[in-house]
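Participant: Give me coordinates for this.
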Amino acid sequence: MKKLRVPHRTKSARVVQELVRLAAGLAASGSRVEDAFWENRLAAKIHAQLRTGDDQNLESALDQLYDTDPGGYSEFMYAIEAAIECSIFTRGDHTYDVLMFAVPMLTWSRFSIPSGPIAESVLSELRGQLQVQVLANDAQLALADCLFSPDQLPRGYHLTHELARKLWSTAVTGQRNLHMNPRQLAETGRFLSDTRYLLGGIAVPQGKPMFRWQQGSAGEHKGSNVSALQFSKEQILHAWQTHGTAVLLPLFQGCAFELLMPDGFFSAWRAADRLARPYSVRATVDFLETALGISPDRLRAVIAPFYDQWLEEYRIGFTLKDRDNVLYGIVWGLVGDEDENTDSVAQIEAALRECGVTQTILLQEHFLLEYCEECGGPLFPNAAGEIVHAEFPEEGEVAPIHLH
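Facilitator: Predicted coordinates:
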């Protein structure tokens, strides 16, 4: 998922250089005690920038570190994310560790994928399952009453931090829901395969575990004699998927969907970004198999790299084996630190094989990012090495849909 940038105010060269200096110092640190020195000072500077409501100094420092100090870039990015999603919150005589978290959901449908307001009855059931299946004993939980599409997530660092603060406060004060005004949310595009997010805030007494997988000792299990880790992440994910899916079924009528692990906002966001790619491959193959009445082994996938200044993504055009016209296409974007040295093609081919698509063509040419001038959708490769518009057969009587 690309980071969305918002309009800027005035950049301060002095602030940018100080941020770069602190991040570089942290990257070069040789001990935990030195780490703490740099982390504390860097966190203070980042919080000061978030309070201004202006992201430009943070983005300028990131751009400079990206070009000159990859280690400093990584440390600075993680420091920004930590400042946004987690904090220490004091209310009266009580101090809490607080976290903004996300629950990603991968979904696909030939029909509309839901987004927007969630009914209180569904929120209540989701809250109950999160408390029982995922969160630690002492965790206080608040949920935003909205199912977010990627387009509806807050744009930029300070707006994300602003939402996090509202969720923290809602959780600490014992309120159940944070109301989101649907009129202030962006319009959601129609995609065959997409991601949805449930956002929330967690508050626990300082130093206590937030998640069930953190609880290990008898003292952390009320009324229990357990002396070792009781549940693994895999067990917790399985329980959450089983019970959470049952709650969400009425909301996702006509959709296939898969719940992912609830986690800190940015970690969950990255996990969804990575897992959405093979999921969209499965969704496409399932859709074509059903809509055309064919088996996956009759399909062919044409894979091609697309560049801007460097490799940005792979695009996959799906055709029948004996034809060149592209029926459908998907974008396999690079995520995180992936680049030309990452064996993304092997990942794509593995995802295709798992779906029963065994014939693939890899085009070696470096294609420029091209989009349809009329609809704005991406163009996809065919077996002849051409970049074309995906055209579903008219007799399929299926409304045209673009894929992430």
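Participant: How about residue 362: what's its closest non-neighbour residue?
Facilitator: Once flanking residues are discounted, residue 362 sits nearest to residue 303: 5.0 Å by CB to CB, 6 or more residues apart in numbering. Where C-beta positions appear, they are placed from N, C-alpha and C, glycine not excepted.
Participant: so where do the helices sit in the stretch 301-404 of the chain?
Facilitator: Assigned by DSSP state H, counting those that start in this stretch, the helices in the stretch 301-404 of the chain fall at 344-354.
Participant: Can you list the low-confidence ranges for it?
Facilitator: Along the stretch 301-404 of the chain, segments meeting pLDDT under 70 span 394-404.
Participant: redo that, cut-off 80
Facilitator: Scanning the stretch 301-404 of the chain for pLDDT under 80 picks out the ranges 393-404.
Participant: Which helix or strand contains the nearest residue to residue 337 once chain neighbours are set aside?
Facilitator: Leaving aside its sequence neighbours, residue 337 sits nearest to residue 74 (CB to CB, 6+ apart; 7.9 Å). Here residue 74, judged by DSSP states H and E, is contained in helix 70-85.
Participant: And residue 196, by the same measure?
Facilitator: For residue 196, the element it lies in under DSSP H and E is strand 193-205.
Participant: and that strand, which strands flank it?
Facilitator: strand 94-108 (antiparallel), strand 140-148 (antiparallel) (DSSP bridges).
Participant: how much space is there between residue 261 and residue 200?
Facilitator: 14 Å (CB to CB, to the nearest Å).
Participant: Could you check which of these two has the larger neighbour count?
Facilitator: When neighbours are counted by other CB atoms under 10 Å, residue 261 and residue 200 differ, and residue 200 comes out ahead with 25 against 20.
Participant: which residues does the more buried one bridge with?
Facilitator: For residue 200, the beta-bridge partners are residue 101, residue 143 (DSSP bridges).
Participant: pLDDT at it, what is it?
Facilitator: Looking at residue 200, its pLDDT reads 97.
Participant: now for the longest helix along the chain, which elements pack on it?
Facilitator: Ranked by residue count under DSSP state H, the longest helix found in the chain is helix 265-292. Using 3 or more CB pairs under 8 Å, 6 or more residues apart in numbering; DSSP states H and E, the elements in contact with helix 265-292 are helix 70-85, strand 94-108, strand 193-205, strand 256-259, strand 311-320, strand 328-333, helix 344-354.
Participant: Which one of those lies nearest to residue 144?
Facilitator: strand 193-205 (4.6 Å; CB to CB).
Participant: what element comes up after the closest one heading to the C-terminus?
Facilitator: Next in sequence after strand 193-205, counting helices and strands by DSSP H and E, comes helix 233-248.
Participant: Check which helices and strands that next one sits against.
Facilitator: Secondary elements touching helix 233-248 (3+ CB pairs under 8 Å, 6+ apart): helix 120-133, strand 256-259.
Participant: Might you list the low-confidence residue ranges for the stretch 151-300 of the chain?
Facilitator: For the stretch 151-300 of the chain, the stretches with pLDDT under 80 are 216-230.
Participant: 70 - rerun?
Facilitator: Filtered on pLDDT under 70, the stretch 151-300 of the chain yields the residue ranges 217-229.
Participant: Make TSV from the strands paired with strand 193-205 and add distance to residue 232 and mean neighbour count to it.
Facilitator: Output for these, formatted as TSV (distance: least, CB to CB, whole Å; neighbours: other CB atoms under 10 Å):
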stretch	distance to residue 232	mean neighbour count
strand 94-108	19	22
strand 140-148	22	22
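Participant: and stretch 242-249, which residues are buried?
Facilitator: By 16 or more other CB atoms under 10 Å, the buried positions in stretch 242-249 come out as 243, 244, 247, 248.
Participant: same question, stretch 43-53
Facilitator: Of the residues in stretch 43-53, those with enough neighbours to count as buried (16+ other CB under 10 Å) are 43, 45, 46, 49, 50.
Participant: now stretch 268-277
Facilitator: With burial defined by 16+ other CB under 10 Å, the residues of stretch 268-277 counted as buried are 268, 269, 270, 271, 272, 273, 275, 276, 277.
Participant: thinking residue 109 is in contact with residue 286, fair?
Facilitator: No. Applying CB atoms under 8 Å, one finds residue 109 not in contact with residue 286, separated by 10.7 Å.
Participant: Any chance you could list residues touching both of those two?
Facilitator: By CB atoms under 8 Å, 6 or more residues apart in numbering, residue 109 and residue 286 have these common neighbours: residue 256.
Participant: and those two? which has more neighbours close in?
Facilitator: Comparing residue 109 with residue 286 by other CB under 10 Å, the one with more neighbours is residue 109, at 21 against 16.
Participant: which residue sits closest to the more buried one, ignoring its sequence neighbours?
Facilitator: Residue nearest to residue 109 in three dimensions, not counting chain neighbours: residue 255, with 4.0 Å by CB to CB, 6+ apart.
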